[in-house]
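Enquirer: sequence? don't have it. structure:
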């Protein structure tokens with residue numbers, strides 16, 4: 001197989017997506033397949049300086065901000081985000097820019113032989129996501145990046161990204177909450193175990209403040225795995241957080257770095273915590289690799305931060321959109337808390353969709369107190385992966401009726417739903433519930449601004 005165009009590359013990758021509706025997370029076998037495929041490529045993941053990020057909420061923001069800061073300090077940085085909003089290449093960024101389509105095809109062709117060889121092995125054909133991860137590590141190694149910032153997909157212990165296990169890896173753990181409970185477990189401790197298992201012997205690790213059961217498990221895993229672990233604490237390392245409609249301002253201190261009145265271009269108190277984790281990573285990396293931190297460059301990078309689909313306030317002449325990919329109770333709690341701070345006493349029109357398997361009852365509990373109306377639609381995964389299904393809009397409608405919220409309607413097609421909301425002049429309009437929904441509508445939202 002030899003691909004000549006980006007469309008052909010996408011088609012080849014999608015041909016390896018699971019087709020079974022009942023397909024489940026491959027677990028240990030998937031990680032084993034990924035390690036085997038990477039081994040056929042010379043194990044590039046073990047030759048990179050990797051910052052590996054796990055957690056329930058905030059991974060993408062932390063990864064994005066860390067990549068921006070390292071780039072501002074003069075380093076070449078590879079950035080892998082999962083999932084992406086509108087372009088597959090968001091998972092293959094070099095210095096926060098998408099790799100061009102020609103190079104993407106070239107690098108995919110370089111690993112074709114290894115993919116075909118892996119298919120003949122006892123573990124079977126690698127999947128869409130396993131091939132993507134192998135390609136991520138191959139590209140970052142071939143491009144010679146100084147650092148590779150890699151966000152986990154699901155969990156950590158058996159996630160394909162955990163093929164990276166070299167002693168020098170830096171692990172970051174964002175806030176842990178309830179999500180993917182059928183796979184990761186139904187307690188914070190069980191979920192924390194899977195997230196913490198990105199730590200390997202000789203790794204350094206840094207975590208945000210966690211609830212006691214999650215913290216105890218992270219500490220236990222770090223000790224067993226032989227990783228050096230540090231925590232950032234609220235009211236000690238992150239203080240004086242102020243949220244505004246265009247930025248978040250806070251103070252940060254950790255070891256030899258103290259910065260007051262940081263102006264962050266992302267909105268929300270939770271983003272101050274995510275940013276603090278990224279700042280802590282810069283401090284640890286500076287000690288590990290002996291470079292100086294230019295505070296002015298850090299400040300400039302953070303002030304200019306923009307991350308699509310994360311608490312974006314997009315104005316237009318007669319109203320505004322608020323866009324956020326919150327897709328679990330913890331993220332929705334943080335998002336709605338920010339909405340209340342920024343728009344005290346105000347209610348909103350919501351356009352929502354959820355991936356199947358989410359705790360929709362708890363998520364709706366945060367939405368309905370702020371909602372004038374709710375339009376329910378679907379989210380269509382751009383990967384066409386059959387394991388990623390949308391929650392039937394009718395099920396959400398039935399739940400809202402049961403909860404005594406009558407002001408809702410169903411428009412199953414997301415683009416039609418969005419167009420109808422705009423036509424009906426429903427402002428402010430909050431689009432939330434899934435990054436897949438944001439991906440379906442992002443270009444439409446930009447057109448309307």
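Expert: Sure thing, it's come through. Only a predicted model underlies this, so the values are computations on that prediction, with no experimental measurement involved.
Enquirer: lowest-pLDDT helix or strand in the chain?
Expert: Least confident helix or strand, the chain: helix 181-184 with a mean of 79, by mean pLDDT, DSSP states H and E.
Enquirer: got the buried residues for the helix or strand following that helix?
Expert: Elements were assigned by DSSP states H and E; along the chain past helix 181-184, the next helix or strand is helix 188-196. The neighbour-count check on helix 188-196 (16 or more other Cβ atoms under 10 Å) flags 188-189, 191-196 as buried. No exception for glycine: its C-beta is placed from N, CA and C like everyone else's.
Enquirer: also stretch 27-37?
Expert: Within stretch 27-37, the residues scored as buried using 16+ other Cβ under 10 Å are 30-37.
Enquirer: and the most centrally placed residue in the chain, what does it touch?
Expert: Closest to where the C-alpha atoms of the chain average out (Cα atoms, centre = their mean) is residue 60, at 3.4 Å. With contacts defined as Cβ atoms under 8 Å, 6 or more residues apart in numbering, residue 60 is in contact with 81-82, 151, 307, 310.
Enquirer: quick one: least confident of those residues?
Expert: In terms of pLDDT, the weakest of these is residue 82, which scores 83.
Enquirer: and that residue, its phi and psi?
Expert: Here the main-chain torsion angles of residue 82 (degrees, to the nearest 10) amount to phi -150, psi 130.
Enquirer: can you tell me the helix or strand for the nearest residue to it once chain neighbours are set aside?
Expert: Nearest in space to residue 82, with sequence neighbours left out and distances taken as Cβ to Cβ, 6 or more residues apart in numbering, is residue 153 at 4.7 Å. Mapping residue 153 onto the secondary structure by DSSP H and E places it in no helix or strand at all.
Enquirer: any idea how far residue 53 is from residue 153?
Expert: In this view, residue 153 and residue 53 are 11 Å apart by Cβ to Cβ, to the nearest Å.
Enquirer: those two - which one has more neighbours?
Expert: Legend: neighbour count by other Cβ atoms under 10 Å for residue 153 and residue 53, higher for residue 53 (31 against 19).
Enquirer: three-state assignment of that one?
Expert: Secondary structure state of residue 53, per DSSP: H, G, I helix; E, B strand; the rest coil, is strand.
Enquirer: so it bridges to which residues?
Expert: Residue 53 forms beta bridges with residue 151, residue 172, as assigned by DSSP bridges.
Enquirer: what sits against it?
Expert: For residue 53, the contact set (Cβ under 8 Å, 6+ apart) comprises 59, 62-63, 66, 149-152, 171-174.
Enquirer: quick one: it from residue 64, how far?
Expert: Residue 53 is 10 Å from residue 64, by Cβ to Cβ.
Enquirer: ok, now residue 323?
Expert: As defined by Cβ to Cβ, residue 323 lies at a distance of 16 Å from residue 64.
Enquirer: the more surrounded of the two?
Expert: The residue with the greater number of neighbours, taking residue 323 and residue 64 and applying other Cβ under 10 Å, is residue 64; the counts read 26 against 22.
Enquirer: what sits against the closest residue to residue 347 other than its chain neighbours?
Expert: Among residues not flanking residue 347 along the chain, residue 372 sits closest, at 4.7 Å (Cβ to Cβ, 6+ apart). Contact criterion Cβ under 8 Å, 6+ apart gives 347-349, 407 as the residues in contact with residue 372.
Enquirer: look at residue 372 and give its secondary structure.
Expert: The three-state label for residue 372, taken from three-state DSSP, comes out as strand.
Enquirer: now, which of the contacts of residue 60 sits nearest residue 271?
Expert: Set against residue 271, the nearest of the contacts of residue 60 by Cβ to Cβ is residue 310 (7.6 Å).
Enquirer: residues contacting the closest one?
Expert: Residues in contact with residue 310 (Cβ under 8 Å, 6+ apart) are 60-61, 266, 271, 324-325.
Enquirer: if we use 6 Å, what do you get?
Expert: Taking Cβ atoms under 6 Å, 6 or more residues apart in numbering as the contact definition, residue 310 lies against residue 61.
Enquirer: backbone phi and psi for it, please?
Expert: Backbone geometry at residue 310, expressed as degrees, to the nearest 10, gives phi -120, psi 100.
Enquirer: any idea how far it is from residue 430?
Expert: Taken as Cβ to Cβ, the spacing of residue 310 relative to residue 430 amounts to 13 Å.
Enquirer: now residue 374
Expert: Using Cβ to Cβ, we find residue 374 at a distance of 10 Å from residue 430.
Enquirer: quick one, which of these two is more surrounded?
Expert: residue 430 (25 against 22).
Enquirer: after the longest helix anywhere in the chain, which helix or strand is next?
Expert: Selection of the longest helix in the chain by residue count, based on DSSP state H, yields helix 269-289. Moving toward the C-terminus from helix 269-289, the next helix or strand (DSSP H and E) is helix 295-303.
Enquirer: check which residues of the helix or strand that that next one is followed by are buried.
Expert: Per DSSP H and E, helix 295-303 leads on to strand 312-316 as the next helix or strand towards the C-terminus. Along strand 312-316, these residues count as buried under the neighbour rule (16+ other Cβ under 10 Å): 312-313.
Enquirer: which secondary structure elements does strand 312-316 contact?
Expert: With contacts taken as 3 or more Cβ pairs under 6 Å, 6 or more residues apart in numbering; DSSP states H and E, strand 312-316 sits against strand 319-324.
Enquirer: for the strand it packs on, the averaged confidence score.
Expert: 90.
Enquirer: likewise for stretch 160-173?
Expert: Confidence over stretch 160-173, taken as the mean pLDDT, stands at 96.
Enquirer: buried set for that stretch?
Expert: By 16+ other Cβ under 10 Å, the buried positions in stretch 160-173 come out as 160-166, 169-173.
Enquirer: for those residues, please prepare CSV with the additional fields secondary structure.
Expert: As requested, those are exported to CSV (three-state DSSP):
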residue, secondary structure
160, helix
161, helix
162, helix
163, helix
164, coil
165, coil
166, coil
169, coil
170, strand
171, strand
172, strand
173, strand
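Enquirer: from those residues, pick the one nearest residue 256.
Expert: Proximity of those to residue 256 (Cβ to Cβ) peaks at residue 170, which lies at 16.9 Å.
Enquirer: and residue 251, what is it in contact with?
Expert: Neighbour list for residue 251: 239-240, 260 [criterion: Cβ under 6 Å, 6+ apart].
Enquirer: these two touch, right, residue 400 and residue 408?
Expert: Yes: judged on Cβ atoms under 6 Å, residue 400 makes contact with residue 408 at a distance of 4.8 Å.
Enquirer: could I get the phi/psi values of the residue lying closest to residue 342 once chain neighbours are set aside?
Expert: With Cβ to Cβ, 6+ apart as the measure, residue 245 is the residue that lies nearest to residue 342, at 5.5 Å, once sequence neighbours are left out. When quoted as degrees, to the nearest 10, the phi and psi of residue 245 stand at phi -70, psi -20.
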